[in-house]
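Q: Here is my input, please return the structure:
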Amino acid sequence: MPPTLDELLRRARALPREGHRAILGIAGSPGAGKSTLAEHLVRALNGTGEPWVAHVPMDGFHLADAELERLGRRDRKGAPDTFDAAGYAALLRRLREEYGGRSGDTAGPAGDGRGGTAGGGGKGVTAGGGGKGVTAGGGGKGVTAGGGGKGVTVYAPGFERVLEQPLAGAIPVPPSVRLVVTEGNYLLLDTGAWARVRAELDEVWFCELDEAERVRRLVARHEQFGKTHEEAVAWVRRSDQRNADLVAATRDRADLVVPAHVVPAHVVPAHVVPSGPGADDGAGPGCDPGAAGGGEVGGGPG
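A: The predicted model follows:
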């Protein structure tokens with residue numbers, strides 16, 4: 001039996017452990033509704049209190065068009081080798097290691113008092129307020145986030161959909177965030193640098209949508225961002241479909257499959273700067289851009 005929205009919220013809320021930041025991945029083919037589900041989870045779990053859940057999409061790691069032109073990959077934008085997969089995996093690891101936690105929490109194993117191990121020799125780098133921030137490396141002393149639970153803010157790139165370009169430093173992830181929701185096509189890919197991504201994720205959910213509806217949404221999205229109908233159809237058939245077939249083959253590696261009817265109505269993605277119509281991964285004509293859906297709201301884990 002497929003999960004309900006309330007069950008998804010309860011499952012996501014239970015992921016963070018004391019002293020550790022959790023990362024939930026949402027995978028699926030282009031147009032399947034990944035961003036829609038991610039944004040709903042973030043809004044519903046955060047409620048009206050202090051935000052403890054953040055959305056960090058994979059799309060911020062698109063290579064810039066100028067680099068794609070240099071590499072001869074501009075006509076395949078969106079394929080696995082048009083992203084900085086290693087950079088994405090490194091950010092996910094940093095989000096774990098630089099977690100400041102609540103007062104009294106550490107970013108390492110319970111009772112360690114020194115935080116997680118970041119490896120490397122030497123004394124590393126100290127960052128953050130009053131010199132307490134993050135110590136990386138240092139002869140096995142590893143990562144100490146914060147000092148009094150203050151930690152550091154990690155900045156992630158966003159993606160500007162009107163220009164179709166990544167935007168550096170667009171998404172702040174403050175120390176108060178205990179759950180990061182990240183979504184993208186290739187979270188379950190096991191080739192090249194993409195294979196490093198899965199190891200950084202506590203769980204991965206796979207969004208699944210009827211193929212005809214998924215293609216319809218993709219065509220509509222491309223039209224909303226400037227392509228003619230003919231251009232949109234050609235791009236979906238040539239580039240997006242190859243990528244979709246590759247992603248579909250990773251479905252069985254997911255911890256949970258989330259069918260389309262569980263995903264709530266379209267919500268405005270906070271990570272799109274500036275936001276535009278249909279900016280969400282699963283948006284299509286007729287979607288309500290302001291809906292946050294039902295289900296449980298508010299409150300941190302526990």
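Q: If you drop the residues flanking it in sequence, what lies closest to Ser29?
A: When the adjacent residues along the chain are set aside, Ser29 lies closest to Ala244, with 3.9 Å between them (CB to CB, 6 or more residues apart in numbering). Backbone N, C-alpha and C define where each C-beta goes, glycine included.
Q: Roughly how far does the closest residue to Leu91 other than its chain neighbours sit from Thr182?
A: Excluding its sequence neighbours, the residue lying closest to Leu91 (CB to CB, 6+ apart) is Ala156, at 5.9 Å. Spatial separation of Ala156 from Thr182 under the definition CB to CB, to the nearest Å is 9 Å.
Q: and what of Val263?
A: Distance of Val263 to Thr182, given as CB to CB: 17 Å.
Q: Now for Asn185: which residues touch it?
A: With contacts taken as CB atoms under 8 Å, 6 or more residues apart in numbering, Asn185 has the following neighbours: Ala27, Gly28, Ser29, Pro30, Met58, Gly78, Asn243, Leu246, Val247.
Q: run the last query once more with 6 Å
A: Val247 (CB atoms under 6 Å, 6 or more residues apart in numbering).
Q: burial measure for the residue nearest to Gly60 when sequence neighbours are not counted, as a count.
A: Nearest residue to Gly60, sequence neighbours excluded (CB to CB, 6+ apart): Pro157, at 3.2 Å. By the criterion of other CB atoms under 10 Å, Pro157 has 22 neighbours.
Q: go on, Arg253?
A: That count, for Arg253 with other CB under 10 Å as the rule, works out to 14.
Q: Check Val152 too.
A: Neighbouring residues of Val152 were enumerated by other CB under 10 Å; the total is 20.
Q: what do you get for the one 10 residues further on?
A: The tally of other residues near Val162 (other CB under 10 Å) stands at 15.
Q: Wait, a strand at it?
A: No. Residue assignment for Val162, taken from DSSP: H, G, I helix; E, B strand; the rest coil, gives coil, which places it outside any strand.
Q: wait, Val56 sits on Ala156?
A: Yes. Here Val56 lies in contact with Ala156, judged by CB atoms under 6 Å, at a distance of 4.6 Å.
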